[in-house]
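Trainee: Sequence and predicted structure are below.
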Amino acid sequence: MKKVYIIQGRGGKPEHGWYQWLAEELKRKGFQVFLPQMPNTDMPTINEWVGALRSIAPTPDEETYFVGHSIGCQTILRYLVTLPPETKLNNVILVAPWVSLDEKTMAEEPGSIPIARPWIETPIDFDKAKLHPKKFICLFSDNDTYVPPDNQKFFQEKLSAEIIIDKGKGHFDKDSGIKELPGILSFFN
């Protein structure tokens, strides 16, 4: 059976924004959907979140898809590095992924820099991560105040990802008012 794991961003809950909408759309298409509440969502740590994903998705296969949002993308990439090299997956969709963040925006949010710093400074082995998915799709917005545009080129080069740039979607979070992402449905087949 085809499975999808949707991993939210920092401060996110399964019922926020577009997560629940995507889960319902995919269930209608016959997918088994996992939309877990990640631990300690306001202060996410690499070990805690990657460990949680490993326990939620212990044996992914070619019928397994992953969707991440913001820090959830980082979680998925770090999780992929832990998989045996022969593990093959279906598509991995990364919504507002980042390896760097806009420092001015981060400075305006108390506590954001100490939370983000380990995620930014702890390297990801992209060569290992890209062994597994059939394809990476990265969805960016042209007005995301958190994710600088240079992340687009980075993910295209490091993961050979298909890059999609939506107009006016902000950070694809509840504050941006995004309730649906119909453009990504075509990547689930």
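Mentor: On my side now, so go ahead. Residues are numbered from 1 along each chain as shown.
Trainee: what's the weakest-modelled helix or strand in the chain?
Mentor: Least confident helix or strand of the chain, by mean pLDDT, DSSP states H and E, is helix 103-107 with a mean of 82.
Trainee: List the buried residues for the helix or strand following it?
Mentor: Counting by DSSP states H and E, the next helix or strand C-terminal to helix 103-107 is helix 112-121. Within helix 112-121, the residues scored as buried using 16 or more other C-beta atoms under 10 Å are 112, 115-116, 119. Using the backbone N, CA and C atoms, a C-beta is placed for each residue, glycine as well.
Trainee: Just name the closest of the residues you listed to Met1, please.
Mentor: Minimum distance to Met1 across the buried residues of helix 112-121 is 32.0 Å, recorded for Trp119 (C-beta to C-beta).
Trainee: any idea which element the residue positioned nearest the centre of the chain lies in?
Mentor: By C-alpha atoms, centre = their mean, the chain has its centre lying nearest to Gly68, at 2.0 Å. Taking DSSP H and E as the definition, Gly68 sits inside strand 64-69.
Trainee: Run the chain-centre distance for that strand.
Mentor: With C-alpha atoms, centre = their mean, to the nearest Å as the basis, strand 64-69 stands 6 Å off its chain's centre.
Trainee: can you check stretch 139-157 too?
Mentor: 13 Å.
Trainee: Please enumerate the strands of the protein.
Mentor: 3-7, 32-34, 64-69, 92-95, 136-141, 162-166 (DSSP state E).
Trainee: hey, which of those is tucked in deepest?
Mentor: strand 92-95 (a mean of 28; mean count of other C-beta atoms under 10 Å).
Trainee: So what are the sheet partners of it and their directions?
Mentor: Partner strands and pairing direction for strand 92-95 (DSSP bridges) are strand 64-69 (parallel), strand 136-141 (parallel).
Trainee: Indicate which one of these is closest to Phe187.
Mentor: Among the strands paired with strand 92-95, strand 136-141 comes nearest to Phe187, with 5.3 Å by C-beta to C-beta.
Trainee: report the angle between the axes of that closest one and strand 162-166?
Mentor: 20 degrees (axes from the mean of the first three to the mean of the last three C-alpha atoms, to 10 degrees).
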